[in-house]
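> Here you go, sequence then predicted model.
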Amino acid sequence: MTPDDTTSNRILVVDDETVVIEEYIRCLGANFRPDLANTTLKDLEKVLFGDETNEDDAATFNVQSCDQGQAAVEAVADAFNSGRPFSIVFMDIRMAPGINGIEAAKQIRKLDPNVNIVIVTGSFRSDPEDLGNQIPPADKIFFFKKPFHAVECRQWAAALCGKWHADLALRQVNEMLEQRVAERTSALHKLAYYDPLTELPNRLRLIEELQSMIDEADGPDLHTAVVLLDIERFSFLNETIGYDIGTKLLKSIGTRLAGLMNAIDGTGSAVVGRFGDDEFACLISGIADQNALHMLAEQIRSKIEKPFVAGGRDLFLKASIGVSWHPAHGRDAQAIFRGAEAALHRAKRKSGPGITYYKAEMQHRARHKFSIESELRQAISSGQIGAYFQPQLRLSTGQTAGVEALARWIRPDGSIIPPSDFIPLSEEMGIIDGLFESVLHFVCESLSLWREESDWDIPISVNLSPHQLRNPNLLDDIRQILRGHNIDQKLINVELTETMLLEDFKLAHAALTDLSSYGLDIHIDDFGTGYSSLSYLVDLPVHTLKVDRSFIARLTESSTDARFFQAILGLAKAIDLDVIAEGVETQEQFGLLQNFGCDLAQGYFIAEPMPRQEFHAWCIAKEDRTNVLRTISLVAEERKRPVPQS
Ligand code: C2E
Ligand code: CA
Ligand code: CA
């Protein structure tokens, strides 16, 4: 314990002879002279405590006495327990009829670990050094020979009181240090294992928690599951509603999930944590069967879909959910989490918001994804990203009036990876801007090559990923690349899907206005698959609509689709937009589109996307053919003309 009274020098003297006690009191008393002893004590205290020690107090001893060993033990206990412990006990050895001084000292040591005990005797037979073994610690037990000189006794008292105070100070510093270390350790522990924002367990902690849940599982028939949630479009939300509200929203999600887990799992063993930026994990043990698991995942989903109030408005969230469980999907926590991640990944990419349960083949994908990620970074930096080119024909003239550049990853071994395998991945990895730049470089380089061989005035469309509109340097990057290759901006169009435009109209409006004022034409890709609202397009600097190939595919089979297409065409004309039909695969579709008055067509019926040399050769052959056809039709026209009668 920490003594309350640490300033005075409290001394207990124990002896069964009254004269000895009187001698102690005389030589330790305040009026004792000569000054020599006082000076020694003061000097000593100055060394130990610096100059601040109260000089008057420093020389004072507070002396208490006992004439029996047992009484001394009780006095030490009282003093210690009341926070006024002794610094020194001077202890006689033989004190008939009670316990001897050694025995008393042993008991005292048990009560007070800090007091200095001085065994005082005229005839001590055993080895004084052995005292340290009998009454440890050795640095707090001393041997003092009777009869003693008064000054000698006072010097002993001064030295040992000083030592006692120094020991105390040292203990206090140590305690403080220990406490600080404990605090730091717990803070570090918190940092390492808890998410500072939501104060929920972080990824590392979650894995450990799951492992102990698995280790403590009640039997092989009960499942321990991981339900991993990814909040849909959270980064977009965060940017729109502001980071402060976004932070509050994350906290509310955590609180809500934790509340649900508490309600479901009465044992309190379920855990909710933050697994990533906008990813949460729920760990639940003791699940009886798959039905129970499905119900649980559904409960979690519907809980998230209830509106959140943040920043004074209702926010509706959706989550992609991946579920995997022990023991079916792995033996340890790492494996189960990998499974849940693979399922979540599948949920995000394939089915959108909803619950996906782990299946073994997903693991392969997850592993595949990891290796492909590092390979993709490498591919972008080493120029393996290029493009194939697919022509677009003007339906009224049959001439090539546009080209779409479609990204291709050409591996050193010549194998070609389609964009569906790396575009969504590079969006996820946050490297889509770099990928786009590679494609644009490739496109500009191709234009330069073609321009060397002949006049080239056909614009090339490059696909923009919606994420790129958030890149504030987008226009500068494009401008720099075009300038570097000496390419006119009239030769480049950008294609982007309509979904992004509606998600953040203000942002899209600003970005598109910039691109358009620079001179790039803007094409809306996959039109008809999103919100399909033409009204918002009026306010955007858009030039062309590309009607999604799903409409073209049904054009000749469904009169509704044909009417829909015609309606789009009519409205587009009304607001002065060109229309490109995508995915034209048959002569029939081509003919129908021509009849409808559609502007351009693109698709396998005309040509598949081709590598650049092949595409260039195709263009030249096409031009020759068109010229021949044109000549033939001119001749035919001539022939049909009535021969003027002379
Ligand atoms: P998209 O922009 O809708 O591109 C058209 C896709 O349809 C291309 O697939 C093309 O090969 C395919 N296609 C063309 N004609 C026909 C046809 O008659 N029938 C059918 N069934 N398909 C046809 P691809 O090259 O696999 O590209 C797929 C998607 O990848 C593109 O769809 C686009 O969204 C994306 N993409 C391609 N290149 C890039 C790029 O450089 N950047 C970005 N962000 N996305 C790209
Ligand atoms: Ca496109
Ligand atoms: Ca398209």
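All right, it came through fine. Numbers count the residues shown, from 1 in each chain. Ligands and ions are numbered 1, 2, ... in the order given.
> okay, now the closest residue to Gly386 other than its chain neighbours: neighbour count?
Of all residues not flanking Gly386 in the chain, Phe442 sits nearest, at 4.7 Å (CB to CB, 6 or more residues apart in numbering). Any C-beta I mention is one placed from the backbone N, CA and C, and that applies to glycine too. Counted with other CB atoms under 10 Å, the neighbours of Phe442 add up to 19.
> Check which helix or strand Phe442 maps to.
Using DSSP states H and E, Phe442 maps to helix 432-453.
> Please identify the buried residues of that helix?
432-447, 450 (16 or more other CB atoms under 10 Å).
> coming back round to it: who's in contact with the residue nearest to Gly386?
Neighbouring residues of Phe442 by CB atoms under 8 Å, 6 or more residues apart in numbering: Ile385, Gly386, Ala387, Ala405.
> how near is the third one to ligand 2?
Look at Ala387 and ligand 2: by CB to the ion, to the nearest Å, they are 11 Å apart.
> Would you confirm that that residue belongs to a strand?
Yes - per DSSP: H, G, I helix; E, B strand; the rest coil, Ala387 lies within a strand segment.
> That one: what's it in contact with?
Ala387 neighbours (CB under 8 Å, 6+ apart): Ala405, Leu406, Ala407, Arg408, Val439, Phe442, Val443, Ser446, Arg612.
> Leaving out the residues flanking it, which one is nearest to it?
Closest to Ala387 by CB to CB, 6+ apart is Ala405, at 4.1 Å.
> Count residues in the vicinity of that neighbour, would you?
26.
> Go ahead and list the helix or strand containing it.
strand 400-410.
> which is the next helix or strand following that strand?
Next along the chain after strand 400-410, taking DSSP H and E as the criterion, comes strand 416-417.
> pLDDT on that next one, on average?
The pLDDT scores in strand 416-417 average 86.
> what sits up against it?
The contact list for strand 416-417 (CB under 8 Å, 6+ apart) reads Arg408, Trp409, Ile410, Arg411.
> One more: stretch 376-383?
Contacts to stretch 376-383, defined as CB under 8 Å, 6+ apart, come from residues Gln384, Ile385, Trp409, Arg411, Phe422, Leu425, Ser426, Met429, Ile431, Gly434, Leu435, Ser438.
> So what sits opposite the residue sitting nearest the centre point of the chain in the bridge?
The residue lying closest to the centre of the chain (CA atoms, centre = their mean) is Gly276, at 4.3 Å. Listed by DSSP bridges, the beta-bridge partners for Gly276 are Glu279.
> begin at 404 from here
All right, first residue 404 from here; so that's Gly679.
> Just confirm it contacts Thr601, I think it does.
No - using CB atoms under 8 Å, Gly679 is not in contact with Thr601, being 11.9 Å away.
> Show the contacting residues for Phe967.
By CB under 8 Å, 6+ apart, the contact set of Phe967 is Gly931, Phe954.
> Ligand 2 versus that one, what's the distance?
For Phe967, the distance to ligand 2 - CB to the ion - is 20 Å.
> Kindly confirm my reading that that residue is in a strand.
No - using three-state DSSP, the assignment for Phe967 is helix, not a strand.
> so what pLDDT did it get?
So, for Phe967, pLDDT stands at 83.
> do the same with Lys721
At Lys721, pLDDT is 89.
> Give the closest residue to it in space, chain neighbours not counted.
Pro756 (3.8 Å).
> gap between the one you found and Ser920?
Here the criterion is CB to CB, to the nearest Å. By it, Pro756 lies 37 Å from Ser920.
> higher neighbour count, those two?
Pro756 (18 against 10).
> tally of neighbours for Gly786?
Residues near Gly786, counting by other CB under 10 Å: 11.
> quick one: it is in a strand?
No - assigned with three-state DSSP, Gly786 falls outside any strand and is coil.
> So for it, what pLDDT did the model give?
93.
> ok, now Ile667?
Reported pLDDT for Ile667: 84.
> residues near it, how many?
Neighbour tally, Ile667, other CB under 10 Å: 14.
> and what of Ala1004?
Number of residues near Ala1004 (other CB under 10 Å) recorded here: 24.
> Look up which residues are beta-bridged to it.
Under DSSP bridges, the beta-bridge partners of Ala1004 are Leu796, Ala984.
> mind checking how far it is from Leu872?
28 Å.
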